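Colleague: no sequence for this one, just the structure:
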Ligand SMILES: Cc1cc2nc3c(=O)[nH]c(=O)nc-3n(C[C@H](O)[C@H](O)[C@H](O)COP(=O)(O)OP(=O)(O)OC[C@H]3O[C@@H](n4cnc5c(N)ncnc54)[C@H](O)[C@@H]3O)c2cc1C
């Protein structure tokens, strides 16, 4: 059997890995338009004064709660190289800040899945005024919506906790994950568990407080266990490098600078034409390309599917990594960094203090910071860096 996979990011590489594992004897070809593997995973290792900076251009961790990433690392022999985020000197996870009216304010302690899981820190936070806190408290008495229709994340949180809680607390945290506009993002596609919490506990805060207590109890029972976010010692590229080495060993045909131009159906399967005119055929095809690329490739195969894929909006973002001598940084980097609510009107949406999160990613005596720029409604072409 011949299989062609288009796209050499983590999705295409893992598809090739599992195909080579489960389809013995299959002839597998992986096509990548660019001149390197990994797609959005882009790790640079910069030697410096006997140590090195590990700079992630794209993702820097994956969620431990989703088991497939850990399982893949285990199969590739990388499990012992996986690190969680640093707990800091106190043994407690360092705080995260929010830029609020130009100042860094700590996120209230006790957030559970973005929601307030403890009352006292919410009463003490300077991110909300007293009337805004009182509005949040209405969540305990407001009846849950019986409507099964989807709604936007912004509308849902504003309905339960008030608009200020959405703008000052939830929106910046959500932006750190999706870089999207919460007033457009579907609740059911992004955070479906929030609707479940509303239904189950008749209040988001009550649900979050229960989850927070369960998490603390679990944490006490499994002290020293792994963090929620994992990454190999010298960056996510380790997974890409291990996959490429494994696939080469399995005889998978790995082709860089091989952009698929179009795809057609044939009686025997599929025909893929490359940008240089070469044509390949296969019985099976996997597209692991961004939705707009898949839309263009499938236009002649299934117009409806291509149109649906073409409607998926994307946003351009950039990351800028900065390194300083620690002595030149004017404040202690006592946290994982800060998020910036949309209403602050800044070009950046977050700044991660990488050398606090992963101390081994900067040489001794240096700070490494990563700034995220660009989000929905604030495309890079519109902001002048
Ligand atoms: C700044 C940033 C930070 C992120 N942080 C995290 C994080 O911490 N944790 C997390 O889990 N996720 C994170 N993400 C999301 C994560 O990076 C992506 O979901 C994931 O890498 C996507 O992988 P993919 O293989 O689906 O797509 P891609 O990585 O986009 O790979 C698609 C590949 O297809 C190739 N291609 C395109 N057109 C063609 C063609 N015509 N022919 C052949 N090849 C083609 C491209 O060159 C590319 O290599 C982050 C994303 C960004 C941008």
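Modeller: Good, I have the coordinates. Quick caveat, the model's predicted, so the values are computed rather than measured.
Colleague: quick check: the residue of the stretch 101-250 of the chain nearest the ligand.
Modeller: Closest approach between the stretch 101-250 of the chain and the ligand, counting by C-beta to the nearest ligand atom: residue 229, at 7.4 Å. Placement of C-beta: from N, CA and C, glycine included.
Colleague: check contacts around that residue.
Modeller: 61-64, 84-85 (C-beta atoms under 8 Å, 6 or more residues apart in numbering).
Colleague: how close does it sit to residue 173?
Modeller: Distance of residue 229 to residue 173, computed by C-beta to C-beta, to the nearest Å: 14 Å.
Colleague: and the residue nearest to residue 166 when sequence neighbours are not counted, backbone torsions?
Modeller: Counting by C-beta to C-beta, 6 or more residues apart in numbering, residue 166 lies nearest to residue 157, which is 4.1 Å off, once chain neighbours are set aside. Here is the backbone geometry of residue 157 (degrees, to the nearest 10): phi -70, psi -40.
Colleague: now do the same end-to-end measure for stretch 312-320.
Modeller: Its start and end residues considered, stretch 312-320 measures 26 Å (C-alpha to C-alpha, to the nearest Å).
Colleague: actually stretch 118-130, not the one I typed
Modeller: 16 Å.
Colleague: residues making contact with it?
Modeller: 98, 100, 105-110, 116, 133, 136, 164-165, 168-169, 209, 212.
Colleague: next: stretch 257-277.
Modeller: With contacts defined as C-beta under 8 Å, 6+ apart, stretch 257-277 is touched by 2, 4, 6, 31-35, 279-285, 287, 289, 296-301.
Colleague: which stretches of the stretch 1-150 of the chain have low pLDDT?
Modeller: Scanning the stretch 1-150 of the chain with the threshold set as pLDDT under 70 gives 88-93.
Colleague: where do the strands of it begin and end?
Modeller: Ranges of strands in the stretch 1-150 of the chain, per DSSP state E, counting those that start in this stretch, are 2-6, 27-31, 43-48, 51-56, 62-63, 82-84, 95-100, 103-106, 111-112, 115-116.
Colleague: any idea which of the ones you listed is most buried?
Modeller: Of the strands of the stretch 1-150 of the chain, the one with the most neighbours on average (mean count of other C-beta atoms under 10 Å) is strand 115-116, at a mean of 26.
Colleague: sheet partners, orientation included, of that one?
Modeller: strand 111-112 (antiparallel) (DSSP bridges).
Colleague: spell out which parts of the chain neighbour the ligand.
Modeller: With C-beta under 6 Å from any ligand atom as the criterion, the chain meets the ligand at residues 6-12, 31-34, 39-41, 58-62, 259-260, 288-290, 293, 317, 319.
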